[in-house]
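Undergrad: Need the 3D shape of this:
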Amino acid sequence: MRIGRAARVSGASVRALRYYEDEGLITPGRLANGYRDYCPSTVATVVQVRSLLEAGLPVRLVRELLLHLGDGPPCEEFLDEVQRYRDRLAAHIAELSLRRSALDAYLRQARDA
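TA: Next comes the predicted model:
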């Protein structure tokens, strides 16, 4: 299927599909006229990529995961890296929560004045 239909089916934008290709996350086929040709398995990969990126995984980790997808369970090094990313994300969330609490306190104080 052509890029417009693949975008509609996968829920990704045409621009996102081109970006995923540029980043090496997908490799659509090419028709004789040079147009991209997305087979059902590529569209399924796009759906998976979108899910992983929306979960916050960086493109680098998504690419690595896709490279080893058919090799069996992910290797321990990869899982450790995902865990470290998750831990950094949790620390960032905690920091943002502290900032929000400080802003809430400021707003309460300012409104009570």
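
Undergrad: What part of the protein, helix or strand, is modelled with the least confidence?
TA: helix 59-67 (a mean of 89; mean pLDDT, DSSP states H and E).

Undergrad: Which other helices and strands does the very next helix or strand once past that helix contact?
TA: Counting by DSSP states H and E, the next helix or strand C-terminal to helix 59-67 is helix 76-112. If you count contacts as 3 or more CB pairs under 8 Å, 6 or more residues apart in numbering; DSSP states H and E, helix 76-112 packs onto helix 59-67. C-betas here are computed from N, CA, C, even on glycine.

Undergrad: Might you calculate how far the helix it packs on sits from the centre of the chain?
TA: Centre-to-centre, helix 59-67 and its host chain are 10 Å apart (CA atoms, centre = their mean, to the nearest Å).

Undergrad: ok, and for it, which residues are buried?
TA: Residues of helix 59-67 classed as buried by neighbour count (16 or more other CB atoms under 10 Å): Leu61, Val62, Glu64, Leu65, Leu66.

Undergrad: Likewise for stretch 12-23?
TA: For stretch 12-23, by 16+ other CB under 10 Å, it's Ala12, Ala16, Leu17, Arg18, Tyr20, Glu21.

Undergrad: Touching the least confident helix or strand of the chain from outside, list them.
TA: With CB atoms under 8 Å, 6 or more residues apart in numbering as the test, helix 59-67 has contacts from 23-25, 45, 48-49, 52-53, 57, 74, 78, 81-82, 85.

Undergrad: Neighbour-wise, give me the winner out of these.
TA: In terms of neighbour count, Val49 stands highest of these at 25 neighbours, by other CB atoms under 10 Å.

Undergrad: element containing that one, please.
TA: Using DSSP H and E, Val49 falls in helix 40-54.

Undergrad: Packing partners of that helix?
TA: Partner elements for helix 40-54 (3+ CB pairs under 8 Å, 6+ apart): helix 3-10, helix 14-22, helix 59-67.

Undergrad: Report the rounded mean pLDDT for the second one.
TA: It stands for helix 14-22. Averaging pLDDT along helix 14-22 yields 97.

Undergrad: After it, heading C-terminal, what element do we hit next?
TA: Past helix 14-22, the next helix or strand by DSSP H and E is strand 29-30.

Undergrad: Right, I'll call it a day here.
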